[in-house]
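1. take this sequence and fold it.
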Amino acid sequence: MNPLMRLVPALLIAAACGPDSMASLEQPPAEPLDSSNDGLAIAGNSHVIYRVTSDFVSRDTLVSVLDSLQNNQNDLDAFATAPNGSWAAVSGGARWYSGSFPSATRTAIESYIAGRHKFVAIDFNSAGGWVVVTTTAQTYGGAVPQSLKDKIAEYRTNGWALEDVDVTTDGYVVVGSGGTVSYSLPGAHPAEAVLYDRHASKRKVRQVDLGLDGSWVVVSDQETAAGGIPDRLRGRLRTMARERRFISRVYTGRGDNYVVASHGTASPTSSSVAEAIEYDVGGKTLWQAMTDAKVPGLSIAIIENNQVTSVRGYGLRKAGEEDPVLATTPYDLASLTKYVASLTTLTQVDEGKVSLNGDILTSPGPLISAWRALGQNPGIASGYGMPGTALPAGITPARLMRHRAGMDPQGGSPDAHPNNWGEFSSNSRTLNQMFGWDCGSLFGCSYGDATWAWVTSAPNGPSTYSNQNYLVLMAIAEDASGKRAVELMEQKLFSPMGLTNTSARVPLAASFEARTAWQHDTDGDPRSYRTLYPFIWAGGLHASAGDYAELVILALNQGTDSKGVSRISPSSINAMLNGVDRNAGFGMFFEGGNSALEGTDRSFNHNGSHTDRARTWMCGNPTRGEGIVVLTNRGTDAAVDSVIKGIMTRYTAKRGWPTNCQ
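-> Numbers count the residues shown, from 1 in each chain. Predicted coordinates:
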């Protein structure tokens, strides 16, 4: 089992149960990652120290020290602020103190300087407890939790090198080399979920600062998550990431004061796909590209050898707030839902309940029968602007999924206001939507042009993209299974595959919505309310990038998931990957030909777009067992498309694909 997918779902349990449930995560892995292969190379070509120092004791002395370190290109090895605002700084064999710095802590520092120790950390908690840690020794003073002492002793016993230590009155964070991180932060500390996420998603935690005032900063590679810090510091850390300036040390002080040191610039190593993307999206860093395009939040999942090997979140769940995007953050998927709806349909094909190439009018179920009878009745059809013509022969599930059933190309980006969500509990919901009956006088319900579903040209002609294909497909699946389409997705895919960060429910469960990425317009501003897409199988799914990538693996691996369990038959997957004489498959399109069957070395892709709400993309190559998923929480325009296409271009070039997923 992929260790990433073993860890990530447990975040939900930990968030609900509190710190005790995270005890097992305090233990670093028995074999820490090789820190020489962590994805980033740091060039010590320039040292810069950024600071705001107005509230520090002996401010003029501090400014002089920091200026000297920068001018002489010396590392700031350790810096600490005591509760009284005094400070100490260490660089190599030199050290400086402000007036009123605690004498016992100073004595410990002097002892280690005399012994030529290399400093790891000097830190205080709000009660005045302190710790001084070097690469080989440590000294404690005042009220320091025994749990921290025990954890550092464990690191020493196991030979795990220490890189950072932070202490609170009742908890701690210990960062080790090679990606190890241990922590115990009672009281539902917000940094806890971020640390868990970064550890579980195999991101290297490089710096942690737990402020005396409750503020916190976690730097993982160059992605920063923080709470309670001043806007100037938040902006500085973002700017450093955008400009490739490596974040070497972060220290918060009283008020809005801080010291941030950079000992060089960062670039990706040749081995890391994730970092290759982070440092080259159309010639920009990913952070710069997101800023320029006003993308508040974004997630990327990478698949290699039919396994999800990387899931990373960037930015914020909602602009103007502090919640960071996590690996487990769900997004509005928009039309990426169609691929999942197609997979769900194939489960019914495999069970013999749906005939992939059978005419749906041969033995129609109750929903399809009602749709045909009502839609062919001129008196009823005319009232809804429908043509009132007879449905032709040749409408099949396969043609619906390939957009070749002759369906009228109705589109739009329906906007289901929260006041309309109760309508989705109606037993006649699917039939209503096929005629546009969910709209009309209901407050805030605007389907745009998408008012009805009907076949208006001969089936098996050119591919004509239409959301209504998937409304009809949803009715077929509900007729065949006797279940709601949403329940069918859950029972056949989401639950058995353990996809706890995926939902097609309307409304979303409150706990699920609370951690779902908010929707933003094309200026990157948050919408005043969340809207849900009413045509569930056409574009109503929410999922994290990691969960969606697990579903993509089914198309990459002949219907077998990342755990080796067969979910869909190879014959059904091969039908999905074959457009026959067009470039459209089931919930996907092909590059460079009419199929993406194994051996062709072609890719499939699909994108999703909800105006002023979401922009998403997925791509996979079955021959290589590789793929990528990119999700954003921003509306569609050329700017966000340039970011996503830049990611796709960099990814496919790095992996050596013959296509670029566009």
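2. not counting its neighbours along the chain, what's nearest Ala80?
-> Spatially, and ignoring its direct neighbours in sequence, Ala80 is nearest to Ile122 (3.8 Å; Cβ to Cβ, 6 or more residues apart in numbering). The C-beta positions use only the backbone N, C-alpha and C, and glycine is treated the same way.
3. quick one: secondary structure of the one you found?
-> Secondary structure, DSSP: H, G, I helix; E, B strand; the rest coil: Ile122 is strand.
4. so who does it touch?
-> When contacts are counted by Cβ atoms under 8 Å, 6 or more residues apart in numbering, Ile122 touches Ala78, Phe79, Ala80, Ala88, Val90, Thr105, Ile109, Trp130, Val131, Val132, Val133.
5. A helix includes the last one, no?
-> By that I understand Val133. No - looking at Val133 with three-state DSSP, it is strand, so not inside a helix.
6. isn't it right up against His117?
-> No - assessed by Cβ atoms under 8 Å, Val133 is found out of contact with His117, at 9.5 Å.
7. tell me which of these two has more neighbours.
-> Val133 (27 against 18; other Cβ atoms under 10 Å).
8. measure that one to Ala543 for me?
-> To Ala543, Val133 is 41 Å away according to Cβ to Cβ, to the nearest Å.
9. what's the answer for Gln662, then?
-> With the distance defined as Cβ to Cβ, Gln662 ends up 22 Å from Ala543.
10. so those two - more neighbours on which side?
-> Taking other Cβ under 10 Å, Gln662 and Ala543 do not tie; Ala543 has more neighbours (28 against 15).
11. my guess is that one contacts Met497. True?
-> No - look at Ala543 against Met497 with Cβ under 8 Å: they stay out of range, at 11.3 Å.
12. dump the residue contacts of Arg582.
-> By Cβ under 8 Å, 6+ apart, the contact set of Arg582 is Arg402, Arg404, Pro462, Ser463, Asn594.
13. whoops, I mixed them up, Ala266
-> Ala266 neighbours (Cβ under 8 Å, 6+ apart): Leu40, Ala41, Ile42, Ala43, Gln222, Arg244, Arg245, Phe246, Tyr279.
14. and the last one, what pLDDT?
-> Same thing as Tyr279. Per-residue confidence (pLDDT) for Tyr279: 94.
15. so how far is Thr285 from the residue nearest to it when sequence neighbours are not counted?
-> Nearest residue to Tyr279 in three dimensions, chain neighbours excluded: Pro268, at 4.9 Å (Cβ to Cβ, 6+ apart). Counting by Cβ to Cβ, the gap from Pro268 to Thr285 is 10 Å.
16. what sits in contact with each of these two?
-> Shared contacts of Pro268 and Thr285, defined by Cβ under 8 Å, 6+ apart, comprise Glu278, Tyr279.
17. just how off-centre is the helix ranked longest in the chain within its chain?
-> Counting residues, the longest helix in the chain under DSSP state H turns out to be helix 638-655. From the chain centre to the centre of helix 638-655 is a distance of 16 Å (Cα atoms, centre = their mean, to the nearest Å).
18. one step back: so can I have CSV of the contacts of Arg582 showing distance to Thr347?
-> Formatted as CSV, the contacts of Arg582 follow (distance: Cβ to Cβ, whole Å):
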residue, distance to Thr347
Arg402, 18
Arg404, 22
Pro462, 29
Ser463, 24
Asn594, 25
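19. check contacts around Asp60.
-> Asp60 neighbours (Cβ under 8 Å, 6+ apart): none.
20. now do it against Ser98, distance only.
-> Look at Asp60 and Ser98: by Cβ to Cβ, they are 10 Å apart.
21. Ala225 now?
-> For Ala225, the distance to Ser98 equals 30 Å [Cβ to Cβ].
22. which one of these two is surrounded by more residues?
-> Ala225 (25 against 20).
23. find the nearest non-adjacent residue to the more buried one, please.
-> With Cβ to Cβ, 6+ apart, the residue lying closest to Ala225 is Pro324, at 3.8 Å.
24. phi, psi of that neighbour?
-> With angles defined as degrees, to the nearest 10, Pro324 sits at phi -80, psi 160.
25. likewise the one 10 residues further on?
-> Its backbone dihedrals place Ala334 at phi 60, psi -130, with angles given as degrees, to the nearest 10.
26. confidence score at it?
-> With respect to pLDDT, Ala334 scores 95.
27. now do the contacts for it.
-> By Cβ under 8 Å, 6+ apart, Ala334 lies in contact with Tyr533, Gly539, Gly608, Ser609, His610, Arg613, Ala614, Arg615, Thr616.
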